[in-house]
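J.: any chance you could fold what I've pasted below:
(one chain, ligands or ions: 1)
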Amino acid sequence: MTDLPVLYSFRRCPYAMRARWSLLEAGLLVRWREIELKRKPAEMLVASPKGTVPVLVLSDGTVIDESIDVMHWALAHADPRELLTARDSAGLIEENDGPFKHHLDRFKYTDRYPGEKKLTHQQAGVAILRDWSERIALQGWLLGGQMTVVDGAIWPFVRQWRIADPNLFDADPQLIPLREWLNRFLDDPMFERLMQRADPWSEKGSQPIFPADAVVVPRGQPLFHLALGSDWRAAQTSGEYQISTRGMTLAQVGFIHCSWESQLAATYERFYADAGEVLLLTIDPTRLKAPLRADAIANGELFPHLYGALPVAAVSEVRPYTTSSCI
Ligand SMILES: N[C@@H](CCC(=O)N[C@@H](CS)C(=O)NCC(=O)O)C(=O)O
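T.: Just a heads-up that it's a prediction; the model follows:
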């Protein structure tokens, strides 16, 4: 655990939010240093003198201090929902970080910009939002038919715009598709996780990890996965198994559900009891390259999750599973 990267973050900052969002997507864990913008820790300023969050410091000392770079770093480790598949050829992130953020700041905090007119920035910002809304109406997401890193990079800023004047945002009929799109992020259980709270970090204080509900999966004990026989046989051809749980793929869910030994019987009862041929895969975690993270489900129970395809070669044993199975 000592080699976890360190993340300096600020809960409400949209740049830090998109960085945390990508860490969640990629199944990564970091040492979490929540900061106060008015009292930035000296350690953060040594790592990144420009003094903006997020800052990610890797175990080899490499510093990543642009949120987009943090996103790409995280998704280069694991991109189970295939967020990096499309290129931002329309330059939407640039439009967001440039003109849209410019108008957002002046619309939201007009008092801080003497001489600026709120209405001018409201109109210019809404024009951009309507353009994004039209894209979503036509395609489903900003770049096409599936969510990409561009959606992930922009939604925290649209959320901020809405917070600045919810009535205006909610009353605009041209923004209906954009509102529905934003709600996909806000209604996702991931939103609550990325908005977890922590006290401002100090060297002598507690040293939380992000996400706070998650733990590192020990590599020294086997993991298990229940698989339909047909799914496992299909994986033999490609060399990789890509099913998350019964009837759902890795790309749909974002990780492959696994269990520790003590959790198997309940998992079988809940999802596989009527499934016909069910196989028990024993996974050797030391043979996995994709990130592993134990995440809490709604009742607080931790389950190990694999944030990438399961190589057939990482499965040390395959045998039929029945209720009378005993490991
Ligand atoms: N280009 C940077 C911008 C980050 C940024 O401006 N973050 C704000 C907080 S939302 C910040 O740290 N501001 C410094 C300050 O307010 O002192 C990135 O994408 O990471």
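J.: measure Ser22 to the ligand for me?
T.: According to Cβ to the nearest ligand atom, to the nearest Å, Ser22 stands 12 Å off from the ligand. C-betas here are computed from N, CA, C, even on glycine.
J.: er, Gly98 I mean
T.: Going from Gly98 to the ligand by Cβ to the nearest ligand atom gives 11 Å.
J.: next one: Glu134
T.: If you go by Cβ to the nearest ligand atom, the gap between Glu134 and the ligand works out to 26 Å.
J.: what sits against the closest residue to Glu277 other than its chain neighbours?
T.: Nearest residue to Glu277 in three dimensions, chain neighbours excluded: Gly229, at 3.6 Å (Cβ to Cβ, 6 or more residues apart in numbering). With contact set as Cβ atoms under 8 Å, 6 or more residues apart in numbering, Gly229 has these partners: Gly276, Glu277, Val278, Leu279.
J.: partner strands of the particular helix or strand that has Pro304 in it, parallel or antiparallel?
T.: Assigned by DSSP states H and E, Pro304 belongs to strand 302-306. Using DSSP bridges, the strands paired with strand 302-306 are strand 256-257 (antiparallel), strand 292-296 (antiparallel).
J.: now the first one, how far from the centre of its chain.
T.: Just to be clear, that refers to strand 256-257. 15 Å (Cα atoms, centre = their mean, to the nearest Å).
J.: which strands or helices does the next helix or strand after that strand pack on?
T.: Next helix or strand after strand 256-257 toward the C-terminus (DSSP H and E): helix 264-267. Under the contact definition 3 or more Cβ pairs under 8 Å, 6 or more residues apart in numbering; DSSP states H and E, helix 264-267 sits against strand 223-228.
J.: OK, now which residue of the stretch 201-327 of the chain is nearest to the ligand?
T.: Residue nearest to the ligand within the stretch 201-327 of the chain: Trp201 (14.8 Å; Cβ to the nearest ligand atom).
J.: please report phi then psi for the residue lying closest to that residue once chain neighbours are set aside.
T.: Counting by Cβ to Cβ, 6+ apart, Trp201 lies nearest to Arg33, which is 3.8 Å off, once chain neighbours are set aside. Reported as degrees, to the nearest 10, the phi and psi values for Arg33 are phi -110, psi 90.
J.: local confidence estimate at Arg33?
T.: As summarised for this prediction, Arg33 has a pLDDT of 98.
J.: what is the burial count for it?
T.: 24 (other Cβ atoms under 10 Å).
J.: need the winner for burial among the strands paired with strand 302-306.
T.: Highest mean neighbour count of these: strand 256-257, a mean of 24 (counted as mean count of other Cβ atoms under 10 Å).
J.: now do that strand, average pLDDT.
T.: Strand 256-257 comes out at a mean pLDDT of 98.
J.: got a list of contacts for that strand?
T.: Contacts for strand 256-257 (Cβ under 8 Å, 6+ apart): 225, 241-245, 250, 267, 303, 305-306, 308-310.
J.: cool, and stretch 114-125?
T.: With Cβ under 8 Å, 6+ apart, stretch 114-125 has contacts from Pro99, Phe100, His102, His103, Leu104, Arg106, Phe107, Thr110, Trp161, Asp165, Leu168.
J.: grab the CA positions of that stretch and hand them over as CSV.
T.: Taking C-alpha atoms only, stretch 114-125 is exported to CSV below (Å, rounded to 0.1, in the frame of the first residue of the first chain):
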residue,chain,number,x,y,z
PRO,A,114,-15.4,44.2,-12.2
GLY,A,115,-16.9,45.5,-15.4
GLU,A,116,-18.1,42.1,-16.6
LYS,A,117,-21.8,41.7,-17.4
LYS,A,118,-23.5,38.6,-16.1
LEU,A,119,-26.0,38.5,-19.0
THR,A,120,-23.2,38.5,-21.6
HIS,A,121,-21.6,35.5,-20.0
GLN,A,122,-24.9,33.8,-19.4
GLN,A,123,-25.8,34.0,-23.0
ALA,A,124,-22.4,32.9,-24.3
GLY,A,125,-22.4,29.9,-21.9
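J.: list the buried residues for that stretch?
T.: Of the residues in stretch 114-125, those buried by neighbour count under the rule 16 or more other Cβ atoms under 10 Å are Glu116, Lys118, His121, Gln122, Ala124, Gly125.
J.: ok now that stretch, how far from the chain's centre?
T.: With Cα atoms, centre = their mean, you get 33 Å for stretch 114-125.
J.: any quick PyMOL command for the buried ones out of the contacts of Gly229?
T.: The PyMOL selection below is limited to those of the contacts of Gly229 classed as buried (16+ other Cβ under 10 Å):
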select buried, resi 278+279
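J.: got the contacts of Gly229 as TSV, with secondary structure, distance to the ligand and pLDDT columns?
T.: Converted to TSV, those look like this (DSSP: H, G, I helix; E, B strand; the rest coil; distance: Cβ to the nearest ligand atom, whole Å; pLDDT from 0 to 100):
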residue	secondary structure	distance to the ligand	pLDDT
Gly276	coil	50	90
Glu277	coil	49	94
Val278	strand	46	97
Leu279	strand	45	97
